[in-house]
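Undergrad: Structure of the sequence below:
(chains A, B, C, D and E)
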Amino acid sequence: MYFGRVVGTATATVKHPSMQGCKLLLVMALQADRKSIEGDPVLVIDTLGAGIGDMVMITSDGIGARELVRDERSPVRWSVLGIIDQ
Amino acid sequence: MYFGRVVGTATATVKHPSMQGCKLLLVMALQADRKSIEGDPVLVIDTLGAGIGDMVMITSDGIGARELVRDERSPVRWSVLGIIDQ
Amino acid sequence: MYFGRVVGTATATVKHPSMQGCKLLLVMALQADRKSIEGDPVLVIDTLGAGIGDMVMITSDGIGARELVRDERSPVRWSVLGIIDQ
Amino acid sequence: MYFGRVVGTATATVKHPSMQGCKLLLVMALQADRKSIEGDPVLVIDTLGAGIGDMVMITSDGIGARELVRDERSPVRWSVLGIIDQ
Amino acid sequence: MYFGRVVGTATATVKHPSMQGCKLLLVMALQADRKSIEGDPVLVIDTLGAGIGDMVMITSDGIGARELVRDERSPVRWSVLGIIDQ
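TA: Numbering: from 1, shown residues only, chains lettered A, B, ... in the order given. Take a look at the predicted model:
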């Protein structure tokens, strides 16, 4: 579970069937000052309505992500777990 | 299982239902000198009563974290495993 | 789930039997500017038809990767999840 | 599975019940020269009798670690897998 | 699944019983130029016959590694998945 800032979105026409209709956000890790971002961006599934600029809590848990796309065999892993109050 | 220092807390009004009532801590990895902190902060669930400034043992194990929130399908992963004696 | 650029392919004559006939791509993590690449290359299985230069979404989920090679005991983990629209 | 050097021990009075009686070591990753250590220290469970200064093989596998503490729901993950001959 | 170069071997007399008779290689991550190596060495199980200097494909998948040592409760995780053709 990491702290991140939504910095963009991504669209993929050719993709795994389990991801049809999935909203994909590009998230970067936030440092403890809650301002600086760092490292590689992560692609996460969002069903909570997060938007660009939002500070979010993300998780790499595959079980929860597969639950969101309702496909037990999907290779998805990262999802938005919460939108941090600012 | 990592060594960390609690550096803050986080609140999320919009979040995965399994996290209702969950206490969330912001933890940074501690170096071997038990003083310097480094890297990206991690968000962890705490049920042991750790507070800001405490040195804690954290784990990324999803099975144990889901047990803490009592939801087998929750996407949570990180939790406090112990408070290190100082 | 990460953002990556396909930078090459790899061939292995001696390999785990579950990987016979598998197409292997060498992918590097893309930064948020969608241009710079960084870090260690990852080897991923592709069944979506990605080629060198393509921007792809990759995942480390073992369940999904084993589904692609149709072998429940295969040690594969990374696969291409989608080809990002440019 | 990583190469590490035992650099210390840790004690936690307040901890997850599955860890009662567990010996905890603080291990740092060893480089290929088998001398330099680097990165964040990891906390690992030891049942093989490793001591400070020993070169050990450690693993992040949760299934094996839960077996060591004999608790299927424990959030433990890292354990000593072997003591490297010097 | 990563690209690596075999840089050494390791022997451990004191180890988890599931690893009796296991060949252990020390592997370092290879960069995209297929020449430079970087980061922490990883200890991997090999049953494909890789030797020092070989370029290999390695994986952190525990299910596949446990299959190789034929022990469902073993804490092993990394194994050689293929030897890259040069």
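
Undergrad: now the strands: where do they sit in chain A?
TA: All strands of chain A, identified by DSSP state E, fall at A:2-9, A:14-15, A:24-30, A:37-45, A:55-59, A:79-83.

Undergrad: Give me the residues contacting the lowest-mean-pLDDT helix or strand in chain A.
TA: Counting by mean pLDDT, DSSP states H and E, chain A has its least confident helix or strand at helix A:62-69, which shows a mean of 85. The contact list for helix A:62-69, computed with Cβ atoms under 8 Å, 6 or more residues apart in numbering or on different chains, reads A:18-19, A:22, A:45, A:47, A:59, A:72-74, A:76-79, A:81, B:16, B:62, B:66, B:73-76, C:61, C:63. All C-beta spots, glycine's among them, are computed from the backbone N, C-alpha and C.

Undergrad: what's the angle from that helix to strand A:55-59?
TA: Taking axes from the mean of the first three to the mean of the last three Cα atoms, to 10 degrees, one finds helix A:62-69 and strand A:55-59 inclined to each other by 110 degrees.

Undergrad: isn't A:Arg77 right up against C:Ser60?
TA: Yes - with contacts counted by Cβ atoms under 8 Å, A:Arg77 reaches C:Ser60, the gap being 6.6 Å.

Undergrad: Comparing the two, which residue is more hemmed in?
TA: A:Arg77 (27 against 21; other Cβ atoms under 10 Å in any protein chain shown).

Undergrad: Ramachandran coordinates for that one?
TA: Per-residue torsions, A:Arg77: phi -140, psi -40 (degrees, to the nearest 10).

Undergrad: now the least confident helix or strand of chain A against strand A:79-83, angle please.
TA: Using the same axes, to 10 degrees: helix A:62-69 against strand A:79-83 is 80 degrees.

Undergrad: Let me see the contact set for A:Leu26.
TA: A:Leu26 neighbours (Cβ under 8 Å, 6+ apart): A:6-10, A:41-43, C:3, C:32.

Undergrad: one step back: which of the strands of chain A has the lowest average pLDDT?
TA: Note on these: strand A:37-45 shows the lowest mean pLDDT, a mean of 88.

Undergrad: Is the nearest residue to A:Ala10 once chain neighbours are set aside bridged to anything, and to what?
TA: Leaving out its chain neighbours, the residue that sits closest to A:Ala10 by Cβ to Cβ, 6 or more residues apart in numbering or on different chains is A:Leu24, at 4.7 Å. Counting by DSSP bridges, A:Leu24 is bridged to A:Ile45.

Undergrad: Wait, A:Leu24 touches A:Pro41, no?
TA: No - A:Leu24 is beyond contact range of A:Pro41, at 11.3 Å (criterion: Cβ under 8 Å).

Undergrad: Name the residue of chain A with the shortest distance to chain C.
TA: Residue nearest to chain C within chain A: A:Pro75 (2.2 Å; Cβ to the nearest Cβ).

Undergrad: any idea how far C:Gly39 is from that residue?
TA: Distance from A:Pro75 to C:Gly39, counting by Cβ to Cβ, to the nearest Å: 21 Å.

Undergrad: what's the answer for A:Gly82, then?
TA: For A:Gly82 relative to C:Gly39 (Cβ to Cβ), the value is 28 Å.

Undergrad: Look at the two and report which has more neighbours.
TA: A:Gly82 (24 against 17).

Undergrad: show me the residues around that one that make contact.
TA: For A:Gly82, the contacting residues are A:48, A:56-57, B:12, B:14-16, B:19, by Cβ under 8 Å, 6+ apart.

Undergrad: Tell me the one among those nearest to D:Met28.
TA: Minimum distance to D:Met28 across the contacts of A:Gly82 is 29.3 Å, recorded for A:Met57 (Cβ to Cβ).

Undergrad: wait, what's in contact with the most centrally placed residue in chain A?
TA: Closest to where the C-alpha atoms of chain A average out (Cα atoms, centre = their mean) is A:Val44, at 2.3 Å. By Cβ under 8 Å, 6+ apart, the residues touching A:Val44 are A:24-25, A:27, A:56, A:58, A:78-80, C:1.

Undergrad: one more time with 7 Å, if that's ok
TA: A:Val44 sits next to A:25, A:27, A:58, A:78-80, C:1 when contact means Cβ atoms under 7 Å, 6 or more residues apart in numbering or on different chains.

Undergrad: With A:Met1 instead?
TA: Taking Cβ under 7 Å, 6+ apart as the contact definition, A:Met1 lies against A:57, A:59, A:81, B:42-44, B:76-78.

Undergrad: Relative to chain B, which residue of chain A is the closest?
TA: When distances are taken as Cβ to the nearest Cβ, chain A reaches nearest to chain B at A:Gly64, 2.2 Å away.

Undergrad: So what's the residue count around that residue?
TA: A:Gly64, neighbours per other Cβ under 10 Å, totals 25.

Undergrad: Report the separation between it and chain D.
TA: With distances taken as Cβ to the nearest Cβ, to the nearest Å, A:Gly64 is found 16 Å from chain D.

Undergrad: hang on, the earlier thing: okay, now the residue nearest to A:Ala10: neighbour count?
TA: When neighbours are counted by other Cβ under 10 Å, A:Leu24 comes out with 24.

Undergrad: And for the one 3 residues further on?
TA: Here the count is done by other Cβ under 10 Å, and A:Val27 has 27 residues near it.

Undergrad: so it touches A:Asp40, yeah?
TA: No - at 10.4 Å, A:Val27 does not count as touching A:Asp40 under the criterion of Cβ atoms under 7 Å.

Undergrad: burial measure for A:Arg5, as a count.
TA: Neighbour count of A:Arg5, defined by other Cβ under 10 Å: 20.

Undergrad: That one pairs with what?
TA: A:Met28, A:Met55.

Undergrad: ok, now which ones touch A:Leu48?
TA: By Cβ under 7 Å, 6+ apart, the contact set of A:Leu48 is A:80, A:83, B:14.

Undergrad: wait, I meant A:Asp40
TA: A:Asp40 makes contact with C:2, C:29, C:31, C:38-39, according to Cβ under 7 Å, 6+ apart.

Undergrad: Out of those residues, give me the one that has the most neighbours.
TA: Among the contacts of A:Asp40, C:Tyr2 has more neighbours than the rest - 22 neighbours, counting by other Cβ under 10 Å.
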